[in-house]
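J.: sequence and predicted model, in that order:
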Amino acid sequence: MFLDDLDPPKKTEKTYKKLDTLSVDGLQNYIKELESEIMRTKEEINRRGSARNKAEAVFGKKE
């Protein structure tokens with residue numbers, strides 16, 4: 001095993017597109033990209049919630 005494998009992943013800063021350089025079509029495509037990412041994020045939240053509910057059913061709800 002290499003020591004590099006033990007280092008935590010580096011956080012990357014989120015870069016935002018310069019909106020004033022995009023055309024209307026470009027802006028609409030950017031909205032579609034963002035909406036797709038929102039849907040992907042919501043699906044992950046639902047997946048985690050489902051796993052949590054299953055764990056609570058087995059082990060009981062943590063108060």
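T.: It's in.

J.: state the distance from the residue minimising distance to the centre of the chain to Lys61.
T.: The chain has Thr41 as the residue nearest its centroid, 4.5 Å off, counting by C-alpha atoms, centre = their mean. For Thr41, the distance to Lys61 equals 25 Å [C-beta to C-beta, to the nearest Å]. No exception for glycine: its C-beta is placed from N, CA and C like everyone else's.

J.: returning to that earlier point: can you give me the distance of the residue nearest to the centre of the chain to Leu34?
T.: 10 Å.

J.: shared neighbours, these two?
T.: Taking C-beta atoms under 8 Å, 6 or more residues apart in numbering as the contact criterion, no residue touches both Thr41 and Leu34.

J.: need the phi and psi values for Lys18.
T.: Main-chain dihedrals, Lys18, degrees, to the nearest 10: phi -80, psi 110.
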